[in-house]
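Q: give me a model of this one.
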Amino acid sequence: MLDQKLLTLLEVYEKKSFSKASRSLAITQPAVSQHIKALEEEFGVKIFDRSNSKFIVTKEGEMIIQTARKMLGMYNLLLQDLSDRKELVEHLIIGVTHTVESNPIAESLARFCSENDGISIKIITDSIKNLYKQLRSYELDMIIVEGRTQEEGLKFFMLDTDYLCLAVSPDHPFANRELITLRELKSENLILRLPNSGTRNLFVSHLESNNMNINEFNVILELDNVATIKDLIRRNFGVSILPRSACLDEIKKGKIIVLPIENLSMIRDMNIVYRSDFVQTDILRGIVKAYNETLRLYK
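A: Alright, predicted model coming up:
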């Protein structure tokens with residue numbers, strides 16, 4: 001069993017409050033304070049700086065918290081593995097970004113589960129930054145994200161190559177064009193992902209390489225939900241920059257038209273990322289196989 005003091009620490013960190021953590025854990029606030037004090041004495045460092053009545057985590061505290069998260073993740077993973085062994089099943093937790101969630105990944109994972117008895121998958125959607133953090137702390141078995149980072153302890157398996165394009169309604173004047181220019185795009189109502197998204201950042205970086213700024217464009221709406229963006233495009237409220245893979249179903253049904261933008265080659269890889277100690281490579285191969293089979297349905 002994981003040390004209760006570490007569980008208290010993680011709850012305090014999550015709730016950003018000693019009192020809220022005490023209510024969540026159903027223990028007294030003095031007990032919460034005692035757990036944190038005991039940890040600080042054990043490690044010989046301050047975990048929280050409480051001098052200015054603000055919730056501030058020290059650098060040493062961050063190190064302890066991240067290790068505690070990893071320990072909890074590994075403990076839960078052990079419990080799940082032992083349970084799976086008894087029940088002859090395999091549970092996987094896979095993290096995806098909001099963009100990846102909108103492409104055939106979910107359908108591919110459903111296909112993989114349906115073709116493999118005893119496999120159960122839970123999909124978690126979050127930002128790339130949070131997904132990597134959860135992968136490192138053993139809260140996720142693998143993540144499927146755009147791009148890759150150079151990081152010790154992680155491995156990458158390229159699933160597909162994707163690119164960003166302009167997505168418009170079939171009723172939009174651009175629908176019959178082969179491509180458009182950046183100058184033409186400036187006059188359009190843009191519906192974009194939030195500034196912290198990988199899709200948005202890739203578009204902005206390519207604009208900057210063309211000596212242009214996002215502020216030169218008429219961005220009327222920013223949101224994180226890709227499905228909502230596609231719905232607004234279909235209803236011709238504006239146009240957007242989206243990965244082609246996120247629009248495959250709409251393209252096939254003629255509900256959205258995608259076309260390139262002159263001088264913007266916004267290509268990126270889509271990767272399965274997993275820890276070096278993840279040894280079930282047969283699962284990786286199975287997911288890739290299911291993904292490729294799913295893609296053929298959209299051709």
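Q: residue 15 touches residue 21, doesn't it?
A: Yes: with contact defined as CB atoms under 8 Å, residue 15 reaches residue 21; the gap is 4.8 Å. Every C-beta, even on glycine, is put in place using the N, C-alpha and C of the backbone.
Q: which one of those two has more residues nearby?
A: More neighbours surround residue 21 than the other of residue 15 and residue 21, with 24 against 16 (other CB atoms under 10 Å).
Q: my read is the more buried one is in a helix, agree?
A: Yes: Residue 21: assigned to a helix according to DSSP: H, G, I helix; E, B strand; the rest coil.
Q: ok, it touching residue 7?
A: No: look at residue 21 against residue 7 with CB under 8 Å: they stay out of range, at 9.8 Å.
Q: just the helices from this structure, written as ranges.
A: 4-15, 18-25, 29-43, 59-87, 98-101, 105-115, 128-136, 182-185, 198-209, 226-234, 248-252, 281-296 (DSSP state H).
Q: tell me which of those helices sits nearest to residue 267.
A: Closest approach to residue 267 among these is made by helix 198-209 (9.2 Å; CB to CB).
Q: which residue is nearest the centroid of this protein?
A: Compute the mean C-alpha point of the chain, and by CA atoms, centre = their mean the closest residue is residue 97, 3.0 Å away.
Q: what is the neighbour count of residue 25?
A: 17.
Q: please read the previous query as pertaining to residue 59.
A: 8.
Q: local confidence estimate at it?
A: Per-residue confidence (pLDDT) for residue 59: 89.
Q: ok, residue 111 next?
A: Residue 111 is given a pLDDT of 93.
Q: that one reaches residue 293, doesn't it?
A: Yes: under the criterion of CB under 8 Å, residue 111 makes contact with residue 293 at 6.5 Å.
Q: stretch 256-271: which residues count as buried?
A: For stretch 256-271, burial by neighbour count (16 or more other CB atoms under 10 Å) applies to 256-261, 264, 266, 268, 270-271.
Q: mean neighbour count, the helices of the chain: which tops it?
A: For the helices of the chain, the largest average neighbour count (mean count of other CB atoms under 10 Å) is found in helix 98-101, namely a mean of 23.
Q: hey, what's residue 272 bridged with?
A: Taking DSSP bridges as the rule, residue 272 bridges to residue 144, residue 157.
Q: what about it, how many residues nearby?
A: 20.
Q: from residue 100, how far off is it?
A: Remark: distance between residue 272 and residue 100 (CB to CB, to the nearest Å) = 10 Å.
Q: ok, residue 13 next?
A: Counting by CB to CB - residue 13 and residue 100 are separated by 28 Å.
Q: where does pLDDT dip in the stretch 51-200 of the chain?
A: Within the stretch 51-200 of the chain, the ranges that satisfy pLDDT under 70 run 52-53, 83-89.
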